[in-house]
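Q: Okay, sequence plus prediction incoming.
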Amino acid sequence: INKISSGDAGTGSAAGGGALGIISGSLTIRNSTFDGNQTTSSGGGIRCGGAVWIGNGTVVTITGSTFKNSVHTASNNNDYSGGGAIYILGDSGSVLIEDSVFSNNSAQGNGGAIHVRGKRTVTISDTEFFDNTTNNSGGAIYGNAASFVIEDSTFTGNIAKGGGGAIRELCEMILAAKKA
(Lines give C-alpha, C1' and ligand atoms only; values in the text may rest on other atoms or scores of the structure.)
Protein backbone atom coordinates (compact mmCIF):
# COMPACT_ATOMS: atom_id res chain seq x y z
CA ILE A 1 0.00 0.00 0.00
CA ASN A 2 1.30 3.40 -0.86
CA LYS A 3 -1.64 5.78 -0.61
CA ILE A 4 -3.14 8.36 1.66
CA SER A 5 -6.29 7.47 3.59
CA SER A 6 -8.20 10.24 5.26
CA GLY A 7 -11.39 10.37 7.26
CA ASP A 8 -12.47 6.76 6.75
CA ALA A 9 -14.73 5.24 9.40
CA GLY A 10 -15.88 1.76 10.36
CA THR A 11 -18.58 0.78 12.84
CA GLY A 12 -20.17 -2.41 14.08
CA SER A 13 -19.23 -5.57 15.92
CA ALA A 14 -16.98 -7.38 13.41
CA ALA A 15 -13.20 -6.99 13.14
CA GLY A 16 -12.24 -3.49 12.15
CA GLY A 17 -9.78 -0.92 10.98
CA GLY A 18 -11.20 2.46 9.99
CA ALA A 19 -9.19 2.47 6.74
CA LEU A 20 -7.82 -1.07 6.40
CA GLY A 21 -8.28 -4.55 7.83
CA ILE A 22 -6.03 -7.52 6.99
CA ILE A 23 -7.31 -10.96 7.97
CA SER A 24 -4.52 -13.16 6.58
CA GLY A 25 -1.41 -13.12 4.39
CA SER A 26 1.19 -10.38 4.23
CA LEU A 27 1.08 -6.65 3.74
CA THR A 28 3.59 -3.84 3.31
CA ILE A 29 2.57 -0.26 4.03
CA ARG A 30 5.20 2.15 2.75
CA ASN A 31 5.36 5.97 2.80
CA SER A 32 1.65 6.28 3.56
CA THR A 33 -0.39 8.66 5.68
CA PHE A 34 -3.43 7.62 7.71
CA ASP A 35 -5.14 10.77 8.96
CA GLY A 36 -8.45 11.08 10.83
CA ASN A 37 -9.54 7.44 10.60
CA GLN A 38 -12.05 6.05 13.10
CA THR A 39 -13.64 2.84 14.38
CA THR A 40 -16.39 2.31 16.91
CA SER A 41 -16.84 -0.88 18.95
CA SER A 42 -20.27 -1.92 20.09
CA GLY A 43 -21.69 -4.93 21.85
CA GLY A 44 -19.28 -7.85 22.29
CA GLY A 45 -17.41 -7.33 19.04
CA ILE A 46 -13.77 -6.50 18.42
CA ARG A 47 -14.00 -3.58 16.02
CA CYS A 48 -10.76 -1.84 16.84
CA GLY A 49 -7.86 0.03 15.30
CA GLY A 50 -8.77 3.56 14.28
CA ALA A 51 -6.83 3.21 11.01
CA VAL A 52 -5.60 -0.42 10.67
CA TRP A 53 -6.69 -3.81 12.05
CA ILE A 54 -4.17 -6.70 11.75
CA GLY A 55 -5.43 -10.26 12.22
CA ASN A 56 -3.88 -13.53 13.42
CA GLY A 57 -1.10 -15.08 11.32
CA THR A 58 -0.40 -12.00 9.22
CA VAL A 59 3.05 -10.66 8.40
CA VAL A 60 2.99 -6.86 8.23
CA THR A 61 5.73 -4.32 7.53
CA ILE A 62 5.06 -0.62 8.03
CA THR A 63 7.82 1.76 6.99
CA GLY A 64 8.07 5.52 6.52
CA SER A 65 4.39 6.04 7.35
CA THR A 66 2.40 8.47 9.48
CA PHE A 67 -0.64 7.69 11.63
CA LYS A 68 -2.28 10.80 13.03
CA ASN A 69 -5.60 11.97 14.43
CA SER A 70 -7.12 8.46 14.33
CA VAL A 71 -9.67 7.46 16.96
CA HIS A 72 -11.11 4.29 18.46
CA THR A 73 -14.34 4.73 20.43
CA ALA A 74 -16.11 1.98 22.33
CA SER A 75 -19.26 1.27 24.25
CA ASN A 76 -17.66 -1.96 25.54
CA ASN A 77 -14.56 -0.50 27.15
CA ASN A 78 -12.71 -3.75 27.95
CA ASP A 79 -9.30 -5.34 27.37
CA TYR A 80 -10.26 -6.28 23.81
CA SER A 81 -10.97 -2.73 22.71
CA GLY A 82 -8.55 -0.02 21.68
CA GLY A 83 -5.78 0.90 19.33
CA GLY A 84 -6.26 4.53 18.32
CA ALA A 85 -4.26 3.90 15.13
CA ILE A 86 -3.51 0.13 14.96
CA TYR A 87 -5.00 -2.98 16.57
CA ILE A 88 -3.04 -6.24 16.30
CA LEU A 89 -4.74 -9.53 17.23
CA GLY A 90 -3.49 -13.11 17.43
CA ASP A 91 -0.75 -15.48 18.52
CA SER A 92 1.13 -15.92 15.24
CA GLY A 93 2.64 -13.71 12.57
CA SER A 94 4.91 -10.70 12.92
CA VAL A 95 4.75 -6.94 12.70
CA LEU A 96 7.65 -4.60 11.92
CA ILE A 97 7.17 -0.84 12.25
CA GLU A 98 10.10 1.38 11.27
CA ASP A 99 10.81 5.01 10.47
CA SER A 100 7.21 5.97 11.20
CA VAL A 101 5.29 8.56 13.26
CA PHE A 102 2.23 8.13 15.51
CA SER A 103 0.74 11.42 16.68
CA ASN A 104 -2.50 12.62 18.26
CA ASN A 105 -4.24 9.23 18.11
CA SER A 106 -6.69 8.27 20.85
CA ALA A 107 -8.58 5.26 22.19
CA GLN A 108 -11.30 4.76 24.74
CA GLY A 109 -9.90 1.25 25.21
CA ASN A 110 -6.20 0.43 25.68
CA GLY A 111 -3.37 1.72 23.50
CA GLY A 112 -3.67 5.32 22.37
CA ALA A 113 -1.69 4.50 19.20
CA ILE A 114 -1.19 0.69 19.16
CA HIS A 115 -2.94 -2.19 20.95
CA VAL A 116 -1.51 -5.71 20.64
CA ARG A 117 -3.50 -8.68 21.95
CA GLY A 118 -1.89 -12.11 21.62
CA LYS A 119 1.47 -13.86 21.71
CA ARG A 120 3.08 -12.27 18.71
CA THR A 121 6.31 -10.34 18.27
CA VAL A 122 6.17 -6.67 17.36
CA THR A 123 9.41 -4.88 16.42
CA ILE A 124 9.46 -1.08 16.44
CA SER A 125 12.50 0.85 15.25
CA ASP A 126 13.29 4.54 14.63
CA THR A 127 9.68 5.54 15.29
CA GLU A 128 8.20 8.56 17.08
CA PHE A 129 5.15 8.46 19.35
CA PHE A 130 3.84 11.79 20.56
CA ASP A 131 0.63 13.16 22.07
CA ASN A 132 -1.31 9.87 21.88
CA THR A 133 -3.94 9.31 24.60
CA THR A 134 -6.14 6.62 26.11
CA ASN A 135 -8.80 6.47 28.79
CA ASN A 136 -7.28 3.16 29.95
CA SER A 137 -3.68 1.87 29.77
CA GLY A 138 -0.78 2.47 27.40
CA GLY A 139 -0.82 6.07 26.17
CA ALA A 140 1.20 5.10 23.08
CA ILE A 141 1.39 1.27 23.21
CA TYR A 142 -0.53 -1.42 25.07
CA GLY A 143 0.34 -5.11 24.90
CA ASN A 144 -1.29 -8.16 26.46
CA ALA A 145 0.82 -11.35 26.05
CA ALA A 146 2.81 -9.80 23.17
CA SER A 147 6.59 -9.57 22.89
CA PHE A 148 8.04 -6.20 21.91
CA VAL A 149 11.45 -5.17 20.66
CA ILE A 150 11.66 -1.37 20.67
CA GLU A 151 14.81 0.41 19.56
CA ASP A 152 15.87 3.94 18.64
CA SER A 153 12.33 5.27 19.18
CA THR A 154 10.99 8.37 20.93
CA PHE A 155 7.98 8.71 23.24
CA THR A 156 6.83 12.24 24.14
CA GLY A 157 3.64 13.60 25.70
CA ASN A 158 1.64 10.35 25.62
CA ILE A 159 -1.09 10.08 28.29
CA ALA A 160 -2.91 7.11 29.84
CA LYS A 161 -5.50 7.55 32.56
CA GLY A 162 -5.09 3.90 33.65
CA GLY A 163 -1.27 3.67 33.72
CA GLY A 164 1.66 3.38 31.36
CA GLY A 165 1.83 6.88 29.89
CA ALA A 166 4.08 5.66 27.08
CA ILE A 167 3.90 1.84 27.25
CA ARG A 168 1.90 -0.73 29.22
CA GLU A 169 3.02 -4.31 28.56
CA LEU A 170 1.72 -7.32 30.46
CA CYS A 171 4.34 -9.79 29.22
CA GLU A 172 7.82 -9.28 27.66
CA MET A 173 9.57 -6.20 26.31
CA ILE A 174 13.11 -5.46 25.14
CA LEU A 175 14.19 -1.84 24.89
CA ALA A 176 17.42 -1.12 23.01
CA ALA A 177 19.31 2.16 22.92
CA LYS A 178 20.79 3.64 19.76
CA LYS A 179 23.82 1.71 18.57
CA ALA A 180 27.20 3.49 18.61
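A: Nice, thanks for sending it over. Residues are numbered from 1 along each chain as shown.

Q: I'd like the distance between Thr123 and Thr33.
A: 22 Å (Cβ to Cβ, to the nearest Å). The way it works is simple: take the backbone N, C-alpha and C, and place the C-beta from them, glycine included.

Q: which residues does the residue lying closest to Phe129 once chain neighbours are set aside contact?
A: Once flanking residues are discounted, Phe129 sits nearest to Ala140: 3.9 Å by Cβ to Cβ, 6 or more residues apart in numbering. Each residue near Ala140 by Cβ atoms under 8 Å, 6 or more residues apart in numbering is listed here: Phe102, Gly111, Gly112, Ala113, Ile114, Phe129, Asn132, Phe155, Asn158, Ala166, Ile167.

Q: Tell me the one of the residues you listed nearest Leu27?
A: Ile114 (15.7 Å; Cβ to Cβ).

Q: what bridges to the residue nearest in space to the middle of the chain?
A: Nearest to the mean C-alpha position of the chain, by Cα atoms, centre = their mean, lies Ile114 at 2.1 Å. Under DSSP bridges, the beta-bridge partners of Ile114 are Ile86, Ile141.

Q: In this structure it contacts Val95, no?
A: No - under the criterion of Cβ atoms under 8 Å, Ile114 is not in contact with Val95, lying 9.0 Å apart.

Q: Between the two, which contacts overlap?
A: Ile88, Val122.
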